[in-house]
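Asks: build me a structure from this.
(2 chains)
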Amino acid sequence: MQTKDINENIAWAKINEDVLRSMENPRKGYWIAVAACIAMVMCAVLAEIYQYQVGMGPSNLNWPHMWDLYIATFVFWIGMSHSGTLLSAILHIIQADWRKPIYRFAEAMTTFSLMTAGLFPIIHLGRVWNMYWVLPYVSDRGIWPNFRSPLIWDAFAITTYLTSSALFLFIGMIPDLAICRDNARGWRQKLYTVLSLGWQGDDRQWRNFRKIYLLMACFLIPLAVSVHSIVSADFAMSIMPGWHITSFPPYFVAGALYSGCAAIITLFIILRYFFRFDEYMTIPILEKTCKLTFAIAMVWSYLTLIEFASVWYGHDMVAKESLLSRFYGPYAPFFWLMLFCGIVAPFALAIEKFRRHLPTMFVVSLVLNLGMWLERWMIVTPTLATSYYPFAFDTMWPSMVQWAIVFGSFGWFGLLFLIFVKVFPSVSMYEVKEMVFHRRHYHSADLATKFHRRASDREEAGEPSTEGAKS
Amino acid sequence: MSLKNILENWSHYRRGHEDGGHHDYEHMWGMAIDLNKCTGCNACSVACYAENNLPTVGKDRMRKGQGLHWLRMERYWDEPEMGGDEKEYQERGGSFLPMMCQHCNAATCEPVCPVAATYHTPDGLNAQVYNRCIGSRYCSNNCPYRLRYFNFYSYYEESWPEPLNMQLNPDLSVRDKGVMEKCTFCIQRIRTGKDTAQREGREVKDGDVVTACAQTCPTEAIVFGDLLDKDAQVTKLWKAQEVELGKTKQEKSNGELRGYRVLEGLNTDPCVMYMDRVREA
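Replies: As a prediction, this is how the structure comes out:
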């Protein structure tokens, strides 16, 4: 059984070779995936053209269902973007070095899911062509957006987060881009020469690099938390029962980390399989990610139950009715499915046998994300179906136009990601080397086995683990 | 809401609606609707369609909930298990509630609009600026009465084919797709009334402005006027029913008084008072 996060005897050159190999010579499967993603995006583009031409009507949105899948999927993609920050910033600060082989693609995921999420508020606007009005540009008529509106906060939060996470992704990649530059020919060499910003790897550069990386990490953590709190404010700031809930900001942040971690597991397995990153994306690292996901899943489950409890004991009749309609109303099957996927399914992560089995984890991570997508839908729609005014109670099912755009957003994300993995190194070479170096010099083989000891292993209790400490 | 305006008038701007909001109100247009008099004939709704260039969207879209009826006539049947008696619904007859935008003084739709397309005017109106609206539809989601309607399609050609377009009211625009709209208390009539009064060098007096629904109502169930005008009929009705603005619960000296505002417990402070229908027990 593999217990080490990484093989410490791996050669430096091999790391470079393995990662650089993954960026070259796309195989047939890659092009099929690209074609599939483009086809999905085209579905969405056609649907959007139709909707743009005719109006919002074909989406089946109606009175009172003014928001539906677009906003739900927007929240879903924003949530997805949080895990990259979790892995690269939070785990960087707490010095969990197992993040090193997997944080790069998680960060890319952050940036791309934000780029996907940002499309939805635009798509859902009735007059898309005026969308720039939400930005505080200088208008000669002295007209400003309404700074009291959570949608404006969204616009600020998302643009800030997108800018900073893209910068963070780029900064963390500079030493790797220099490696690419040194090994590339043709257009790639030109590209990497520009992007690596003259990186030579000398002492001064490394010092500055460390500083800015830490600073960016410190900057991104509160930013990530605030972004999803602000997204939750879209709902929490409203007056509607089922939306006007104080616990929404932490609930949304937990949900965001949850779906993001589940997506990391999915992409982890895909990358490991197709790029044969078995030596970097190892089973113990997957296990650690799974444990983290499980912990977050439990936090999320707790907050879900807290939400129900606080509504129930709040004794606001309207909020109670709205809650009950989620349990028994027309959307109840989806609601129960969400509870199953979100609360019951993560217990698979608690079982070691499942955690170490890649196909199972792949399915489980998809199920978790299905649950998280349903959660967003079940926040948006049932509240609109059952609110204060009984005359306006209504059940609405989204039309193919909405489904096509939601479907296409996955293609868009996939397309960006596919381009990324072939243009940029999806495993951080320099950080994997750091990790290997660290293990080689500061870890004994005994210590590693001891640290990865399991309850089932019959072994006498030894010294407390000193992993990470200088021996 | 320019930056200069905010910087200069921030504290003023921040005033709560209890203190009049960020305006010194010139008028406070309001309504009193007597449900005893309402027969549910829908004439008000038809008048509203005619006055405000509302498109008829067709049966299917109406059923889908994509209609635009600024003034909707809500019909309620007393159900026996809900406290009614054993009689058949039809025998007892329904109750009717004409609902139009309540022009809340603390309107929940206003703070959430990202582009400030909906805002409060010094007339006490909850105005909707069609040209500014980008169709985020947040306002409708945040309206507890669900009184805001969205143009899901472009209706100009379908709803008013030649020569019906000649019937359109020239005093206001026809809204295109992607725009939120709602009852304006016939703002074009208010405008005309104020202009006329100004031209004649006098204050606006009660009766200068009558909304289309109030004008059309055969039983005069709808009374429209300025709540700041002490002599206006609507003010007298509010006073007689002991209904006041700026309260979440009305304290009545007499339990027989019928005046109430819909969902006023939410502190939306609506400007429309209904007088409950009295029925035989």
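
Asks: B:Val204: how many residues sit nearby?
Replies: Counted with other C-beta atoms under 10 Å in any protein chain shown, residues neighbouring B:Val204 total 20. The C-beta positions use only the backbone N, C-alpha and C, and glycine is treated the same way.

Asks: quick one: contacts for it?
Replies: Contacts for B:Val204 (C-beta atoms under 8 Å, 6 or more residues apart in numbering or on different chains) come out as B:27, B:193-194, B:197, B:226, B:229.

Asks: so is it in a helix, a strand, or just coil?
Replies: At B:Val204 the chain is in coil, as set by DSSP: H, G, I helix; E, B strand; the rest coil.

Asks: could you find the closest non-adjacent residue to it?
Replies: Once flanking residues are discounted, B:Val204 sits nearest to B:Ala197: 4.5 Å by C-beta to C-beta, 6 or more residues apart in numbering or on different chains.

Asks: what's the answer for A:Gln205, then?
Replies: Nearest residue to A:Gln205, sequence neighbours excluded (C-beta to C-beta, 6+ apart): A:Trp199, at 6.3 Å.

Asks: go on, A:Met23?
Replies: Excluding the flanking residues, the one nearest A:Met23 by C-beta to C-beta, 6+ apart is A:Lys422, at 5.7 Å.

Asks: B:Cys48 now?
Replies: B:Leu71 (4.3 Å).

Asks: can you report how many residues neighbour the one you found?
Replies: 25.

Asks: distance from the chain centre to stretch A:191-207, please.
Replies: Relative to the centre of its chain, stretch A:191-207 is centred 29 Å away, using C-alpha atoms, centre = their mean, to the nearest Å.

Asks: residues from the stretch 101-250 of chain A in reach of chain B?
Replies: Residues of the stretch 101-250 of chain A that fall close to chain B, judged by C-beta under 8 Å from any C-beta of the partner chain: A:121, A:124-128, A:130-131, A:133-134, A:142-146, A:148-152, A:155, A:234, A:237-240.

Asks: would you show me how to pick out the buried ones of those in PyMOL?
Replies: Filtering those down to the buried ones (16 or more other C-beta atoms under 10 Å in any protein chain shown) takes a single PyMOL command:
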select buried, chain A and resi 121+124+125+126+127+130+131+133+134+144+145+146+149+150+151+152+155+234+237+238+239+240
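
Asks: mind checking which helix or strand the residue of chain A found nearest chain B is in?
Replies: Chain A approaches chain B most closely through A:Gly126 (1.9 Å), counting by C-beta to the nearest C-beta. Using DSSP states H and E, A:Gly126 maps to neither a helix nor a strand.

Asks: next up, the contacts around the residue lying closest to A:Ala236 once chain neighbours are set aside.
Replies: If the residues on either side of it in the chain are set aside, A:Ala236 comes closest to A:Phe248, at 4.0 Å by C-beta to C-beta, 6+ apart. Listed by C-beta under 8 Å, 6+ apart, the contact set of A:Phe248 reads A:232-233, A:235-236, A:307.

Asks: now swap in A:Arg439 and tell me
Replies: A:4-6, A:8, A:448.

Asks: got a markdown table for those residues, with pLDDT and neighbour count too?
Replies: Putting those into a markdown table (pLDDT from 0 to 100; neighbours: other C-beta atoms under 10 Å in any protein chain shown) gives the following:
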| residue | pLDDT | neighbour count |
| --- | --- | --- |
| A:Lys4 | 76 | 17 |
| A:Asp5 | 79 | 25 |
| A:Ile6 | 80 | 23 |
| A:Glu8 | 77 | 17 |
| A:Ala448 | 58 | 17 |
